[in-house]
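**Q** what shape does this take:
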Amino acid sequence: MNDNNIKVSIIIPTKNAGLEFDIVLKRIFDQNFDEKFEVIVIDSGSTYETIEIAKKYPVRLIQIKPEEFGHGRTRNYGADISKGEYLVFLTQDAIPFDNNWLRYLISNLEDENVAGVYNKQIPKNGANIFEKFYLNKVYPDYKIIKNLRTIKSLTLNEIRFSSGGSAIKKDVWKKHKFDESVLFEDQAWSKTVILDGYSIIYEPNAKVYHSHN
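**A** The predicted structure follows:
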């Protein structure tokens, strides 16, 4: 594969992802997406079947020590070694809803004013009533555009962004890398780029199954 033809780099940090990770990767490689993409799996010390599952697919498998992991740090590392124009961040337990997930997510980045896009998160089977209520509230069925003209404040609800399924422009990431000193690196990044004049998009047509009780 010619590296110059890679449009998207999908970056997934893992550690003991479980058998469900096989479904995640299968859904990714079944995407209805015309451009070439790469999948970078950065594993920080799995002791179970995660490595074996990853090796079943044409991924770039990077193994780091557990103490080298950090939410912002590992994602910055993945972005730094990526070859794509767009960076997609996914957690190991976020399962693409269908084969149009990636296409819907990336389409919003064609606007030069958009820095990043995040997807809808749907409760998995077994999610409790509180988790279902929360996800349905913060991930509605309509598109949201967030910038300094549309938001009322810089509260969490207004700047919400999630590495549970998101895409950002690599050129913007080079200007605004993830803050490695904070836990919620995705929210901090969103606030930074909004303050820099960019827009963030919530795209409800790009969906993943992702929930925690």
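
**Q** now do the same for D171: helix, strand or coil?
**A** At D171 the chain is in helix, as set by DSSP: H, G, I helix; E, B strand; the rest coil.

**Q** nearest spatial neighbour of it, skipping sequence neighbours?
**A** Leaving aside its chain neighbours, D171 sits nearest to E85 (7.9 Å; criterion: C-beta to C-beta, 6 or more residues apart in numbering). Every C-beta, even on glycine, is put in place using the N, C-alpha and C of the backbone.

**Q** and that neighbour, backbone torsions?
**A** Phi and psi for E85, reported as degrees, to the nearest 10, are phi -80, psi -30.

**Q** quick check on the most centrally placed residue in the chain: phi, psi?
**A** Centroid-nearest residue in the chain, with C-alpha atoms, centre = their mean: F89, separated by 2.5 Å. Main-chain dihedrals, F89, degrees, to the nearest 10: phi -110, psi 130.

**Q** quick check: beta-bridge partners of it?
**A** Note on F89: beta-bridge partners by DSSP bridges are I11, S166.

**Q** you'd agree it is up against F161?
**A** No: using C-beta atoms under 8 Å, F89 is not in contact with F161; the gap is 10.0 Å.

**Q** residues shared between the contacts of the two?
**A** Common neighbours of F89 and F161, using C-beta atoms under 8 Å, 6 or more residues apart in numbering, are D186.

**Q** what pairs with the strand of greatest length in the chain, parallel or antiparallel?
**A** In the chain, ranked by residue count with DSSP state E as the criterion, the top strand is strand 199-209. Take DSSP bridges as the rule and strand 199-209 pairs in its sheet with strand 95-96 (antiparallel), strand 114-122 (parallel), strand 144-146 (antiparallel).

**Q** so which of those is nearest V8?
**A** strand 114-122 (11.9 Å; C-beta to C-beta).

**Q** pull that closest one out as CSV, backbone CA atoms only.
**A** Output of strand 114-122 as CSV, limited to C-alpha atoms (Å, rounded to 0.1, in the frame of the first residue of the first chain):
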residue,chain,number,x,y,z
VAL,A,114,-14.4,21.8,11.2
ALA,A,115,-11.7,20.5,13.4
GLY,A,116,-13.3,17.3,14.7
VAL,A,117,-16.4,15.1,14.6
TYR,A,118,-17.7,12.7,17.2
ASN,A,119,-20.3,9.9,16.8
LYS,A,120,-23.5,8.8,18.5
GLN,A,121,-23.1,6.2,21.2
ILE,A,122,-25.9,3.6,21.5
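
**Q** report the buried residues of the helix or strand following that strand.
**A** The element immediately downstream of strand 114-122 (helix or strand, assigned by DSSP states H and E) is helix 129-138. Judged by neighbour count using 16 or more other C-beta atoms under 10 Å, the buried positions of helix 129-138 are L135.

**Q** understood, closing this out.
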